[in-house]
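# Using only what follows, build the 3D model:
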Amino acid sequence: MKEDKITRENVRLFVMQFYAKVFKDEIVGPFFIAELGEDIESEHWVEHLEILVGFWTAIAFGTPKYTRQLFLPHTKLVNLKKETFERWLKLFDETQDEVYVEKIAEKFKERAHIIAGNFMRNLAIT
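Numbers count the residues shown, from 1 in each chain. Okay, here's the model as predicted:
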């Protein structure tokens with residue numbers, strides 16, 4: 001059954017399902033594996049996933065609890081392309097549709113597309 005309200009627990013569920021897909025993806029996965037390692041259950045991955053749960057929870061509830069630099073780590077990644085962002089968004093949208101009812105999924109997807117667009121513009125990716 002799809003979630004019809006947002007809780008920290010179902011945001012965590014979304015993040016875990018989404019990054020399990022990202023980890024296995026041939027286009028997006030290598031970027032994360034290069035930074036976090038080949039074991040998705042490692043300390044680095046767990047820490048990163050917790051950061052993302054916090055980020056998406058803050059987005060969902062409109063609370064300014066996320067205080068980390070969102071963009072800065074991405075400036076250090078080489079070979080990011082439009083295709084990378086497109087695949088990330090495809091996996092994101094797909095997982096949103098699996099976890100949430102349409103009304104909630106669309107709000108998350110809208111925000112993710114805005115963020116990805118800003119990243120691509122700031123990284124001069126066309």
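
# what about Glu3, distance to Pro30?
As for Glu3, its distance to Pro30 is 30 Å (criterion: C-beta to C-beta, to the nearest Å). Heads up, the C-betas are built off the backbone N, CA and C, glycines and all.

# Please disregard the earlier target; I meant Phe92.
Between Phe92 and Pro30 the distance is 17 Å, computed by C-beta to C-beta.

# excluding its backbone neighbours, what's nearest Ile59?
Across the structure, with C-beta to C-beta, 6 or more residues apart in numbering as the measure, the residue nearest Ile59 apart from its sequence neighbours is Arg111 (5.6 Å).

# The helix or strand hosting the one you found: how far from the chain's middle?
Element membership for Arg111 (DSSP states H and E) is helix 102-122. In terms of C-alpha atoms, centre = their mean, to the nearest Å, the centre of helix 102-122 is set 10 Å apart from its chain centre.

# how about it: buried residues?
Ile104, Ala105, Phe108, Lys109, Ala112, Ile115, Ala116, Phe119, Met120 (16 or more other C-beta atoms under 10 Å).

# what's the answer for stretch 82-96, then?
Thr84, Phe85, Arg87, Trp88, Leu89, Leu91, Phe92, Asp93, Thr95, Gln96.

# quick one: which two of the residues you listed are the most distant?
Considering C-beta to C-beta, no two members of these lie farther apart than Thr84 and Gln96, which are separated by 18.7 Å.

# Please report the distance of the closest residue to Phe32 other than its chain neighbours from Phe85.
Sequence neighbours aside, Val22 is the residue nearest to Phe32 in space, at 6.0 Å (criterion: C-beta to C-beta, 6+ apart). Here the criterion is C-beta to C-beta. By it, Val22 lies 12 Å from Phe85.
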